[in-house]
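Asks: Give the three-dimensional model of this entry:
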Amino acid sequence: MHRLIHTAQALVDEVAEVPNLPARGQNVMATAVTRYAASAVNILVAAARSGATAVHAGAVGTGPNADLIRETLAAEHVAIVSPPVEDLDTGICFVMVEPSAERTFVTTLGAERHISLESLMTSQPAAGDLVCVSGYSLVGSTRDPLFAFLEALPEGVEVVLDPGAIFAGLPAPVRDRMLALTATWTSNAEEATQLTGWTGMDETSAAVAQRVGGAVVIVRDGPKGCFVRDGDSAAYVSGYPQTPVDTNGAGDCHTGILLAGRLGGLSWHEAAVRANAGAAIKVTRRGPNTAPSASEIDDFLASMAGDG
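Replies: Modelled structure (predicted):
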């Protein structure tokens, strides 16, 4: 069975729900604080819940943060194949979530940055697998081993780039090297705009497609849905607006379900429909790794069809 292999950082989100962001130098009282395994975990969990075989090839440390990541992935039958980083725990992302569901982040660095070509190769990529890359891995100590891994992948392994907000600001040679390896780009509209200067899902997806040659391009815009470009085919896939309580991890949820759909034999358009539905469900739940199951997506889409 073909797999989703994630190479990026698995972190722990320390999420504080706040009535508002404090002014500089001031304090605000959180109404709730919760710890979640997150970042790459969000995508892996979403994919697994939609039936994909998912593998984490990134580094995981030793300590309470790493334990939470291992427990969360084990519960979803997601394997961590790289050896543990001894004597160093995994980092934390501090998240403040406002009543509007907007979130603000501060991230620490830890064991997740200690990858190597050898540790990534423990995933044993094979033709038909999808390898997911985060733009945040293209800085610091993770960049060179990641490129070495990507450039050594067997024929038939497809690279999926989740660029993140950081990608557009990377040096041009780094961006170009990554785009040359990319078979699929999936991002939000803001990230696509930052790279291309265009706005709107249609326009930005077309501009990204010019940058990545024949790659598939998916650009999403929250409740508005997403735009899918696959060769000469281009289509808007409508979203399912909901009243959100937490948008943290919604994009990751979309990516995981999208890629699970592809691994399951769906077209990009069909996979995007399910990804839009899954992300719509996720924003009604608190926590970054709260993707729905495949059956929950089925039920949601059936209810939407019934309402129509």
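Asks: correct me, but T90 touches G58?
Replies: No: at 9.7 Å, T90 does not count as touching G58 under the criterion of CB atoms under 8 Å. Heads up, the C-betas are built off the backbone N, CA and C, glycines and all.
Asks: what do the two both touch?
Replies: Any residue near both T90 and G58 by CB atoms under 8 Å, 6 or more residues apart in numbering counts here, and that gives 10, 112.
Asks: Tell me where the protein has strands.
Replies: Using DSSP state E, the strands of the chain run over 3-6, 10-17, 32-39, 53-56, 79-80, 92-97, 103-107, 130-134, 158-162, 184-188, 216-220, 225-230, 233-238.
Asks: how about low-confidence regions in this structure?
Replies: Within the chain, the stretches with pLDDT under 70 are 308.
Asks: centroid residue for it?
Replies: For the chain, D252 is the residue whose C-alpha lies nearest the centre (CA atoms, centre = their mean; 3.4 Å).
Asks: gap between that residue and N20?
Replies: D252 sits 25 Å away from N20, going by CB to CB, to the nearest Å.
Asks: Could you do E151 as well?
Replies: 46 Å.
Asks: can you check V139 too?
Replies: 31 Å.
Asks: out of those two, which sits in the busier spot?
Replies: With neighbours defined as other CB atoms under 10 Å, V139 and N20 compare such that V139 has more, 15 against 10.
Asks: wait, the more buried one sits on L170?
Replies: Yes: contact between V139 and L170 holds when scored by CB under 8 Å: they sit 7.1 Å apart.
Asks: Show me where the stretch 1-150 of the chain has its helices.
Replies: Along the stretch 1-150 of the chain, counting by DSSP state H, counting those that start in this stretch, helices occupy 40-49, 64-75, 117-121, 143-150.
Asks: picking up where we left off before, do you know which of the strands of the chain lies nearest M201?
Replies: strand 225-230 (3.8 Å; CB to CB).
Asks: quick one: that closest one to strand 233-238, angle?
Replies: Following axes from the mean of the first three to the mean of the last three CA atoms, to 10 degrees, one obtains 170 degrees for the angle between strand 225-230 and strand 233-238.
Asks: Give the partner strands of strand 225-230 in its sheet and their orientations.
Replies: Here strand 225-230 has these sheet partners by DSSP bridges: strand 216-220 (antiparallel), strand 233-238 (antiparallel).
Asks: Which residue is the nearest non-sequential neighbour of T104?
Replies: M96 (4.7 Å; CB to CB, 6 or more residues apart in numbering).
Asks: From L259, how far off is the one you found?
Replies: Applying CB to CB, the value for M96 to L259 is 29 Å.
Asks: What of S238?
Replies: For S238, the distance to L259 - CB to CB - is 20 Å.
Asks: swap in L181?
Replies: 17 Å.
Asks: When these two are compared, which one has more neighbours?
Replies: Higher neighbour count among L181 and L259: L259, with 27 against 17, using other CB under 10 Å.
Asks: how many neighbours does G264 have?
Replies: A count of nearby residues for G264, using other CB under 10 Å, gives 17.
Asks: Beta-bridge partners for D13, please?
Replies: Beta-bridge pairing for D13 (DSSP bridges): Y36, C93.
Asks: Could you pull up the contacting residues of it?
Replies: By CB under 8 Å, 6+ apart, the neighbours of D13 are 35-39, 92-93, 95, 248, 288.
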